[in-house]
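Participant: heads up, no residue letters with this:
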């Protein structure tokens, strides 16, 4: 396998609001990774990107598949709102998800064991859904 691939979300998706667009973006990302045989990919999500949870879910599913195939995927997120979407998908899918905040070097992992079910009890809905480490 090759080196590192750095991809901006807008390079693989012009629209980011539906599951179908998420599938297209995931496919485009996978194709780029395979073309260069990258062993690690950084997917940069811009602070200007408005993305739906279903769009993110498709990317998280593809990232999990790439991880199983030996390619490490790191989402570079601009804010807590985007991280919560990653967390929701990781919880639904019961998969690990690597991320780091823009401007930081530390890569962290949302593990299925430390990601709570994304369907909170009604009384807990107002509370933060992020693990205590956040």
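Facilitator: Received, thanks. Since the model is a prediction, treat every value here as computed from it, not as a measurement.
Participant: Which other helices and strands does the longest helix that the chain contains contact?
Facilitator: Secondary structure of the chain per DSSP state H: the longest helix is helix 19-36. Contacts defined by 3 or more C-beta pairs under 8 Å, 6 or more residues apart in numbering; DSSP states H and E place helix 19-36 against strand 4-8, helix 9-12, strand 40-44, helix 53-68. C-beta here means a position set from N, CA and C on the backbone, and glycine is covered the same way.
Participant: can I get the ones you listed in JSON lines with mean neighbour count, distance to residue 103 and mean pLDDT?
Facilitator: Formatted as JSON lines, these follow (neighbours: other C-beta atoms under 10 Å; distance: least, C-beta to C-beta, whole Å; pLDDT from 0 to 100):
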{"stretch": "strand 4-8", "mean neighbour count": "15", "distance to residue 103": "15", "mean pLDDT": "97"}
{"stretch": "helix 9-12", "mean neighbour count": "17", "distance to residue 103": "17", "mean pLDDT": "96"}
{"stretch": "strand 40-44", "mean neighbour count": "19", "distance to residue 103": "11", "mean pLDDT": "98"}
{"stretch": "helix 53-68", "mean neighbour count": "20", "distance to residue 103": "20", "mean pLDDT": "96"}
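Participant: nearest to residue 23, of those?
Facilitator: Judged by C-beta to C-beta, the one of those that comes nearest to residue 23 is helix 53-68, at 5.0 Å.
Participant: just checking, residue 5 touches residue 43?
Facilitator: No: Residue 5 lies out of contact with residue 43 (C-beta atoms under 8 Å); the separation is 9.1 Å.
Participant: what residues do these two have in common as contacts?
Facilitator: Residues touching both residue 5 and residue 43 (C-beta atoms under 8 Å, 6 or more residues apart in numbering): there are none.
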